[in-house]
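Colleague: One predicted model, sequence on top.
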Amino acid sequence: MLIDLRVHPRHTTESSVDPREAVAAAQALGIDGLAFADVDTIAGRDEILGLRSKVPIALFFGVEIATDHGHLLCFFPDPEATPEPESLLGPRREAGWPVRDALKALRDAGAAVVATRPYDRRIDRPMGDVLFTLEGLSAVEALAGGLPDATNELAIHAAAHLDLPCVGGSGARRTEEVGLALTVFRDRVAGQRSLVEALRAGNVWAAWAGEPPDFPGDHQPPRKAERRERGGGRRRRGGGRR
């Protein structure tokens, strides 16, 4: 199942995305679902949730939190219970909420939390290598639409070092940007609770639109099956945990 995991509707600065137009664009591209998330507000929640029964693709609702070290993309099992950021995290500081405090509060409240474009220097206070000190992340956005390949590569290598799955999101602020980067979900996502569970389980991969995931080792000759001891280690590929 293909989902663009980060689309910014109109309540985000510099965004002109109309959710209905975004859905039409996703349908034209053959995308199975869109996840909408404004930055530091849930003002668009009712509009997004009201569309779910009226469109032929799956819609999900989250919120992107700007912290003092990067942004966190959050999804709660019940989208209707997604809290206003200040009600959960307290008054927002000028530099953003402290990243470790925000991550803990979000996790304690039941959210799956993704480190979003951690090496994007266009963010006022990018996460950078602070990523390596954070605990409780579900995934890393390793393919972000509109970022240079080198910036995404840093996120891919960081996710591999942390043994976290990679996800993809367009970060669309214009309708034509929808679907630039996607997340491949191994199993069909029946609703937002399933989305959260899949992110936590690591059954996800990042992919560019129109291109199948290309993981290390895919082009090597197949190896003979190895007998494994019960309880032995499991191999991970493509940023997903199994």
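Modeller: Structure's in. What do you need?

Colleague: Can you give me the pLDDT of the nearest residue to Ala198 once chain neighbours are set aside?
Modeller: Excluding its sequence neighbours, the residue lying closest to Ala198 (CB to CB, 6 or more residues apart in numbering) is Phe185, at 5.4 Å. Glycine gets a C-beta too; all of them are placed from N, C-alpha and C. Phe185 is assigned a pLDDT of 97 by the prediction.

Colleague: Tell me the bridge partners for Phe185.
Modeller: Beta bridges link Phe185 to Val204 when assigned by DSSP bridges.

Colleague: can you pull out the strands in the protein?
Modeller: Secondary structure of the chain (DSSP state E): strands at 2-7, 33-39, 58-67, 70-75, 112-116, 139-144, 166-169, 181-185, 204-208.

Colleague: Those into CSV, with extra columns for mean neighbour count and distance to Met127?
Modeller: Formatted as CSV, the entries for those read as follows, by neighbours: other CB atoms under 10 Å; distance: least, CB to CB, whole Å:
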stretch, mean neighbour count, distance to Met127
strand 2-7, 28, 15
strand 33-39, 25, 15
strand 58-67, 24, 8
strand 70-75, 26, 3
strand 112-116, 27, 6
strand 139-144, 27, 10
strand 166-169, 30, 15
strand 181-185, 26, 18
strand 204-208, 23, 17
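
Colleague: Low-confidence ranges, the chain, go.
Modeller: Across the chain, the stretches falling below the confidence threshold (pLDDT under 70) are 210-242.

Colleague: what about 90?
Modeller: Along the chain, the parts satisfying pLDDT under 90 run over 10-15, 93, 208-242.

Colleague: Provide a list of residues in contact with the residue nearest to the spatial centre of it.
Modeller: Residue closest to the average C-alpha location in the chain (CA atoms, centre = their mean): Leu5, at 4.8 Å. Residues in contact with Leu5 (CB atoms under 8 Å, 6 or more residues apart in numbering) are 35, 73, 114, 141, 167-169, 182-183.

Colleague: roughly how far apart are it and Leu182?
Modeller: 8 Å (CB to CB, to the nearest Å).

Colleague: which residues are common contacts for the two?
Modeller: Common contacts of Leu5 and Leu182 (CB under 8 Å, 6+ apart): 168-169.

Colleague: can you give me the helices in the protein?
Modeller: Ranges of helices within the chain are 19-29, 45-51, 85-89, 99-108, 149-162, 192-201, based on DSSP state H.

Colleague: Compare those helices and give me the one nearest Ile123.
Modeller: Using CB to CB as the criterion, the shortest distance between Ile123 and the helices of the chain is 11.0 Å, found for helix 149-162.

Colleague: Quick one: work out the angle between that closest one and strand 181-185.
Modeller: Taking axes from the mean of the first three to the mean of the last three CA atoms, to 10 degrees, one finds that helix 149-162 is oriented at 30 degrees with respect to strand 181-185.

Colleague: Pull the CA coordinates from stretch 139-147 and hand them back as PDB.
Modeller: Written as PDB, here are the backbone C-alpha positions of stretch 139-147 (Å, rounded to 0.1, in the frame of the first residue of the first chain):
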ATOM      1  CA  ALA A 139      10.800   5.900  12.100                       C
ATOM      2  CA  VAL A 140      12.900   8.400  10.200                       C
ATOM      3  CA  GLU A 141      11.600  10.300   7.200                       C
ATOM      4  CA  ALA A 142      14.500   9.300   4.900                       C
ATOM      5  CA  LEU A 143      13.000  10.400   1.600                       C
ATOM      6  CA  ALA A 144      11.500  13.900   1.700                       C
ATOM      7  CA  GLY A 145      10.200  15.500  -1.400                       C
ATOM      8  CA  GLY A 146      12.100  18.500  -2.600                       C
ATOM      9  CA  LEU A 147      15.300  17.800  -0.700                       C
END
